[in-house]
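Trainee: predicted model, plus sequence, below.
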Amino acid sequence: MEIWDAAFLFFAGVLCHLWGQRIFDRSRLFNVYKETFIKAFILLKYTAENCEGIISSLEGTEEEREGVAAAIQFWKRITVVTLTESVPDEVSRSLGIKDWQTALKALERITKTGSKNEL
């Protein structure tokens, strides 16, 4: 093997290694974002369920309850928008979560199958 052939193979290997490292690091980062999004939404779902339970047990007029229910719905919409904006665009597109109900359906799929790759 001549020196130029060896040098070509060496530098081709270096470039392939750099390319592979970039791909694998990107997928690892992608999975970290997905995992963080899922864990954060589980926590927010728990918070929303507890708040709704506390508010339903409180006494008050019907207007007050409707106002609080509207505030909780607004909070849910803001939560989903904030979470989807906090991750990169490619992650939010792959998750496909647009509102609270689609996020709940995705969480049910994940907890039912036990797989975090379901999204």
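Mentor: Nice, I can see it.

Trainee: contacts and neighbour counts: CA atoms only from here.
Mentor: Fine.

Trainee: Thr79: neighbour count?
Mentor: 16 (other Cα atoms under 10 Å).

Trainee: pick out the residue nearest the middle of this structure.
Mentor: Centroid-nearest residue in the chain: Phe37, 2.9 Å away (criterion: Cα atoms, centre = their mean).

Trainee: and the pLDDT at the closest residue to that residue other than its chain neighbours?
Mentor: In this structure, Phe37 finds its nearest non-sequential neighbour in Leu83, 6.9 Å apart by Cα to Cα, 6 or more residues apart in numbering. With respect to pLDDT, Leu83 has a value of 82.

Trainee: now do the strand or helix carrying Leu83: distance to the chain's middle.
Mentor: Element membership of Leu83, judged by DSSP states H and E, is helix 62-86. On the basis of Cα atoms, centre = their mean, to the nearest Å, helix 62-86 sits 19 Å off its chain's mean C-alpha point.

Trainee: so what does that helix touch, helix or strand wise?
Mentor: helix 3-57, helix 100-113 (3 or more Cα pairs under 8 Å, 6 or more residues apart in numbering; DSSP states H and E).

Trainee: tell me which of those lies nearest to Arg65.
Mentor: In terms of Cα to Cα, the element of those nearest to Arg65 is helix 3-57, at 7.7 Å.

Trainee: which neighbouring elements make contact with that closest one?
Mentor: Using 3+ Cα pairs under 8 Å, 6+ apart, helix 3-57 sits against helix 62-86, helix 89-95, helix 100-113.
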